[in-house]
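Undergrad: Coordinates only, no sequence provided:
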């Protein structure tokens, strides 16, 4: 069965630090990849997505992610985090099963001012 | 602004009760989904539907059922609530092709506590 793994469960950073959150998936075929964010008390929102083309994808709020097919990875990055980036981040994969998304376990990011 | 609306934000039910969680979307989406969100486990798919009166089991369907009588409404039913069903329940909807509209639109969630 397809699966998505986020290795970092809780990340704590100071403001202006750089961020990289890992995401790996297990599926050998064509995939569509997503990162969602859930700010405290709010619903999940789409940060960015990859369907095809340039493997470096830019999203909202300065986030970007790189699809590396050979590593089955889609890591999320941001050069300089802000306190307002404190949230939980979810990686998700659509792996050829209609419109169904498989989510990772989530990474909680805490940014200290 | 497109919306997925879940009928209750917080719900407390007793063990053994039959529980209905309602979800309505106004985006004319064909696909609708029910997930539960638990700390450390992420989002796990309970049931989904690609069309009216159609349903498919997700990864953790045991103890749940669903109903989709109208395109815009997708109901999750806990036949006999148990304490291990205490969780945050998230409804989502999308077009059939995830490239349309960029994936899922989520509701705000229903936090269900079973006592």
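TA: Perfect, thanks for sending it. On a predicted model such as this, the values are computed, not experimentally measured, just so you know. Residues are numbered from 1 along each chain as shown, chains lettered A, B, ... in the order given.

Undergrad: and residue 72, what does it touch?
TA: Picked chain A for this. Residue A:72 is in contact with A:24, A:25, A:26, A:27, counting by C-beta atoms under 8 Å, 6 or more residues apart in numbering or on different chains. Every C-beta, even on glycine, is put in place using the N, C-alpha and C of the backbone.

Undergrad: that's the wrong chain, I wanted chain B
TA: Contacts for residue B:72 were tallied using C-beta under 8 Å, 6+ apart; they are B:24, B:25, B:26, B:28.

Undergrad: one more time with 7 Å
TA: For residue B:72, the contacting residues are B:24, B:25, B:26, by C-beta atoms under 7 Å, 6 or more residues apart in numbering or on different chains.

Undergrad: Adjacent strands (with direction) for the helix or strand residue B:46 falls within?
TA: Here residue B:46, judged by DSSP states H and E, is contained in strand B:42-49. Based on DSSP bridges, the pairing partners of strand B:42-49 within the sheet are strand B:31-38 (antiparallel), strand B:56-57 (antiparallel).

Undergrad: following the shortest one, which helix or strand shows up next?
TA: Once the chain leaves strand B:56-57, the next helix or strand it forms, by DSSP H and E, is strand B:64-70.

Undergrad: beta partners of the residue nearest the centre of chain B?
TA: When chain B is reduced to its mean C-alpha position, the closest residue under C-alpha atoms, centre = their mean turns out to be residue B:34, at 2.7 Å. The residues listed as beta-bridge partners of residue B:34 by DSSP bridges are residue B:47, residue B:91.

Undergrad: so it touches residue B:91, yeah?
TA: Yes: using C-beta atoms under 7 Å, residue B:34 is in contact with residue B:91, at 5.9 Å.

Undergrad: shared neighbours, the two?
TA: Common contact partners of residue B:34 and residue B:91 (C-beta under 7 Å, 6+ apart): residue B:74.

Undergrad: And the nearest residue to residue B:25 once chain neighbours are set aside, its phi and psi?
TA: Spatial nearest neighbour of residue B:25, chain neighbours left out: residue B:93 (4.2 Å); criterion: C-beta to C-beta, 6 or more residues apart in numbering or on different chains. As for residue B:93, its main-chain torsions (degrees, to the nearest 10) stand at phi -140, psi 160.
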